[in-house]
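Chemist: this is a predicted model, with the sequence first.
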Amino acid sequence: MFEAVSDGGEVTAVRPFAGDADPSPVLGNIPGSVRHRSRVTGPMVRRGWLENGPGPSQRRGDDEYVPVSWDELTTLLANEFRRVIDRHGNSAIYGGSYGWASAGRFHHAQSQVHRFLNVLGGYTRSVHSYSLGATGVIMPHVVGTHWKLFARSTSWENIAEHTELLVSFGGVPLKNTGINHGGTSDHPTRGALDALRERGGRIVSITPLRDDVHGEHEWIAPVPGSDVALMLGLAHTLVTEGLHDEDFLARYCTGYDRFERYLLGETDGEPKSARWAEAITGVPASDIAALAREMAARRTLVTVTWSLQRTRFGEQAPWMGVTLAAMLGEIGLAGGGFGHGYGSMNEPGLAPVPYPLPTLPQGINPVKTFIPVAAISDMLLHPGEEFDYDGQRLTYPDVKLVHWAGGNPFHHHQDIGRLRRALTRPDTIVVHDPYWTPMAKHADIVVPSTTSLERDDLSCTRNDPLLVAMHAAAPRHADARDDYDTFAAVSAKLGVAERFTEGRTAQQWLEHLYDQWRDWVLRDGGEAPEFGEFWARGHVRMRTEDGLVAFEDFRRDPDGHPLATPSGRFEIFSDTIDGFGYDDCAGHPRWYAPDEWLGGERAERYALHLVANQPKTRLHSQLDHGGTSQASKVRGREPIRLYPADAAERALSGGDVVRVFNDRGACLAGVVLDDGVRRSVVQLATGAWYDPLDPGDPNAMCVHGNPNVLTADVGASSLSQGCTGQHVLVEIEKWTGDLPPIRAYDPPPVAAGSRYSE
């Protein structure tokens, strides 16, 4: 949350909310963003689509655009929806809106497009997220919930006061806690970790990157992707030395005995000892055993970041984290137990509000067809093909129209070359965007959206006490429109305007949503002014549930407060999952060796393990052209961090531009030397706008540094089909040719003779 300073046309500065203890540096990307040259200035249609009509096309991403009027654009959209629905049915429409979309409870892009598509009779949807694809499926089987792990987690104040040992797989990266969907008024993570240490608590960070925890801590750097093996080694020590809590496992868990037989090697002849784990992880067995003993002796919180499940077999890390915490017996106790997502965003550890937030109703989608969100390329390339998902055998639909609002799959999705080939298949791609992002440049119809800085809205999130009046900070840029206005116009041409708008203007919707929310607050005994006073005041404070301890009610009374699992307990062994018969996700957590890791045969060709994590300098790919993001670039390229000895072996120096490559693709990046990166590991953040050397070649090198030209487009497992874009093996060499220019933020060619081409 921030205050914007405007000169009447552009946001020139931002000021963090006055009560924020640790404001996010990402705010530095906002000034100058309203009128940036990458803005889409008016309605645009790709020339090939306009001249030849709907159909598959190889020209997406490498074609000229033709400016049209708003009436022409909305007529084209209405006609195309009629054509697709009449000929192919609503399941042929993919509502592909995924990403952080846009701030605001009403103008939220995903809510708008999904409401519109439901009014038309529904659409093929996606489920779960790139961030949490594996967790979203596995955790309901294991602990009976998904989102409550984050929204109702043990509070930072409780951790600061009671945790004696914080063992964090993936660290607690402060960079990710800068943000939360819907806005955040305070960032307590840094202060809580400092308070824990000042009280005598200790932090152990298990990650290939030392700066995944700030300040003093013990850094353990296993081979990337081997965290589950390390957890198994810790668990084996607990069992063989009699340090596990058998009473807790018997009362609050089910299936532990079957897991223990695997742990001790009784089922496969391989005890998962600390010595066994050392051979896989590179962490000395003595260190593993010593940590296990310390965990059993102190009030310990085991945390797992979201990054660990963005890999092959990603379900195993959070499942094994729960199992390890259960063996310690401190789940439900102050300062102990299990946490998932601390350091992944500014939600875990924050107090939730106890009532619903103002939300635009999206209606009911009568189309039952869906895909896991990371399967979009598979869906477009293989219509009619069957696939596994969470015990079901589903079929990919034959999608003719992709309607995208509020996301950039060229940031989120793996193997961009394959994605580009998939995007040639539909008849029509519609993209709403304020900017000429890579996805917009692959659209047939481009709808110029306003940014959240150009419209009035409400802002809040489920783990923050403030509901904020978002006053427009700048007028609409050029010929951009709010998505609501676009959908209202198309709805009118399709004869369903009343169902979409319910007769309300955008301002009337804001007042309606606020009044609904106000009723909930008043019924809860809180105070909330009428809308006019709220709008003038700027924000109102809500009640929050402070000092939470995750699973405290369940521990106190497991029969009165059972988990939403089949057994009502933590399912260390799941009969449900076991019954699916998957060979890549068994009935209990276990070690599976991934393809993309330093312990496999593939490392003989590509000897460096690239960690494609979230950036410090922006939110995903948003506002990559902003000041904070640009200041991090090396000669205009995304920075790649190398261990100095790895750089020396390749005759590289800091500031060099390198070609990062494997058999899927290549990108350029700028070298930063850092001994806080594990040997044989490199780090290249996601989010640099995809910038192909040859826009017409799906396999072209990205000259800007997008790591998803390198990552494999495979699912985590048959259970979740979650995203696996965190890890990939690569090799690096110095770039000796002429440096290609950065064109990522330039608009595509626009037909001359129009004010839109200026």
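Modeler: In hand now; what should we look at?

Chemist: the helices in the stretch 401-550 of the chain, which residues?
Modeler: Assigned by DSSP state H, counting those that start in this stretch, the helices in the stretch 401-550 of the chain fall at 409-412, 416-422, 483-493, 497-501, 506-523, 531-537.

Chemist: average model confidence for the shortest one?
Modeler: Along helix 409-412, the predicted confidence averages to a pLDDT of 94.

Chemist: same question for the fourth one.
Modeler: Rounded to a whole number, the mean pLDDT of helix 497-501 is 98.

Chemist: ok, residues contacting it?
Modeler: Outside helix 497-501, the residues within contact range by C-beta atoms under 8 Å, 6 or more residues apart in numbering are 115, 116, 119, 487, 488, 491. Bear in mind the C-beta positions are built from the backbone N, C-alpha and C, glycine included.

Chemist: for the residues you listed, which entry has the maximal number of neighbours?
Modeler: Neighbour counts for the contacts of helix 497-501, by other C-beta atoms under 10 Å, peak at residue 116, which reaches 27 neighbours.

Chemist: and the angle for the helix or strand harbouring that one with helix 483-493?
Modeler: Here residue 116 sits within helix 109-119, counting by DSSP states H and E. Inter-element angle recorded for helix 109-119 and helix 483-493: 10 degrees (by axes from the mean of the first three to the mean of the last three C-alpha atoms, to 10 degrees).

Chemist: could you say what helices and strands helix 109-119 packs with?
Modeler: On a contact count with 3 or more C-beta pairs under 8 Å, 6 or more residues apart in numbering; DSSP states H and E, helix 109-119 meets strand 93-95, strand 401-405, helix 483-493, helix 497-501.

Chemist: each with direction, which strands does the very next helix or strand once past that helix pair with?
Modeler: Per DSSP H and E, the first helix or strand lying C-terminal to helix 109-119 is strand 125-127. According to DSSP bridges, strand 125-127 forms sheet pairs with strand 370-372 (parallel).

Chemist: give the contact list for the closest residue to residue 370 other than its chain neighbours.
Modeler: Closest residue to residue 370 apart from its sequence neighbours, by C-beta to C-beta, 6 or more residues apart in numbering: residue 125 at 4.9 Å. With contacts defined as C-beta under 8 Å, 6+ apart, residue 125 is in contact with 95, 114, 365, 367, 369, 370, 371.

Chemist: where in the stretch 651-758 of the chain is pLDDT low?
Modeler: Residue ranges of the stretch 651-758 of the chain with pLDDT under 70: 753-758.

Chemist: ends of stretch 200-211, how far apart?
Modeler: Taking C-alpha to C-alpha, to the nearest Å, the first and last residues of stretch 200-211 lie 21 Å apart.

Chemist: just the element for residue 20, please.
Modeler: Per DSSP H and E, there is no helix or strand for residue 20.

Chemist: quick revisit: let me know which of the helices and strands packed on helix 109-119 is the nearest to residue 748.
Modeler: Ranking the helices and strands packed on helix 109-119 by proximity to residue 748 (C-beta to C-beta) places strand 401-405 first, at 16.5 Å.

Chemist: with just CA atoms, put that closest one into PDB.
Modeler: What follows is strand 401-405 as a C-alpha-only set of coordinates in PDB (Å, rounded to 0.1, in the frame of the first residue of the first chain):
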ATOM      1  CA  LEU A 401     -10.500 -19.000 -28.500                       C
ATOM      2  CA  VAL A 402      -8.100 -18.000 -25.800                       C
ATOM      3  CA  HIS A 403      -9.200 -15.000 -23.800                       C
ATOM      4  CA  TRP A 404      -6.500 -13.600 -21.500                       C
ATOM      5  CA  ALA A 405      -6.800 -10.800 -19.100                       C
END
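
Chemist: may I have the beta-bridge partners of the nearest residue to residue 14 once chain neighbours are set aside?
Modeler: Nearest in space to residue 14, with sequence neighbours left out and distances taken as C-beta to C-beta, 6+ apart, is residue 2 at 4.5 Å. Beta-bridge pairing of residue 2 under DSSP bridges involves residue 16.

Chemist: how many neighbours does residue 2 have?
Modeler: So residue 2, with other C-beta under 10 Å, has 19 neighbours.

Chemist: which residues in the stretch 601-750 of the chain form helices?
Modeler: Listed in chain order, the helices found in the stretch 601-750 of the chain under DSSP H, counting those that start in this stretch are 627-631, 644-649.

Chemist: so which bits of the first one are buried?
Modeler: Within helix 627-631, the residues that qualify as buried are 628, 629, 630, counting by 16 or more other C-beta atoms under 10 Å.

Chemist: so how far is it from its chain's centroid?
Modeler: 21 Å (C-alpha atoms, centre = their mean, to the nearest Å).

Chemist: per-residue pLDDT, the residue nearest in space to the middle of the chain?
Modeler: Geometric centre of the chain, nearest residue: residue 131, 3.3 Å, by C-alpha atoms, centre = their mean. Residue 131 carries a pLDDT score of 94 in this model.

Chemist: who touches it in this structure?
Modeler: Contacts of residue 131 (C-beta under 8 Å, 6+ apart): 306, 310, 344, 723.

Chemist: where does this protein have low pLDDT?
Modeler: Along the chain, the parts satisfying pLDDT under 70 run over 753-758.

Chemist: that one - how does it break down into domains?
Modeler: The chain breaks down by automatic domain parsing into domains covering 1-32, 33-130+356-541, 153-351+550-580, 601-734.

Chemist: could I get these as CSV with distance to residue 750?
Modeler: Listed next are the domains of the chain as CSV, based on distance: least, C-beta to C-beta, whole Å:
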stretch, distance to residue 750
domain 1-32, 22
domain 33-130+356-541, 5
domain 153-351+550-580, 33
domain 601-734, 15
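
Chemist: and those domains: which comes nearest residue 752?
Modeler: Counting by C-beta to C-beta, residue 752 lies closest to domain 33-130+356-541 out of the domains of the chain; the figure is 9.5 Å.

Chemist: residue 234 contacts residue 288, doesn't it?
Modeler: Yes: between residue 234 and residue 288 there is a contact under C-beta atoms under 8 Å: 6.1 Å.

Chemist: which residues are in contact with each of those two?
Modeler: Residues touching both residue 234 and residue 288 by C-beta under 8 Å, 6+ apart: 274, 277.

Chemist: which residues in the stretch 301-450 of the chain form strands?
Modeler: 337-340, 370-372, 386-389, 392-395, 401-405, 428-433, 445-448 (DSSP state E, counting those that start in this stretch).

Chemist: hmm, who's touching the last one?
Modeler: By C-beta under 8 Å, 6+ apart, the list of residues contacting strand 445-448 from outside reads 39-46, 49, 65, 73, 76-77, 80, 405, 428-434, 440, 478-481, 483, 486.
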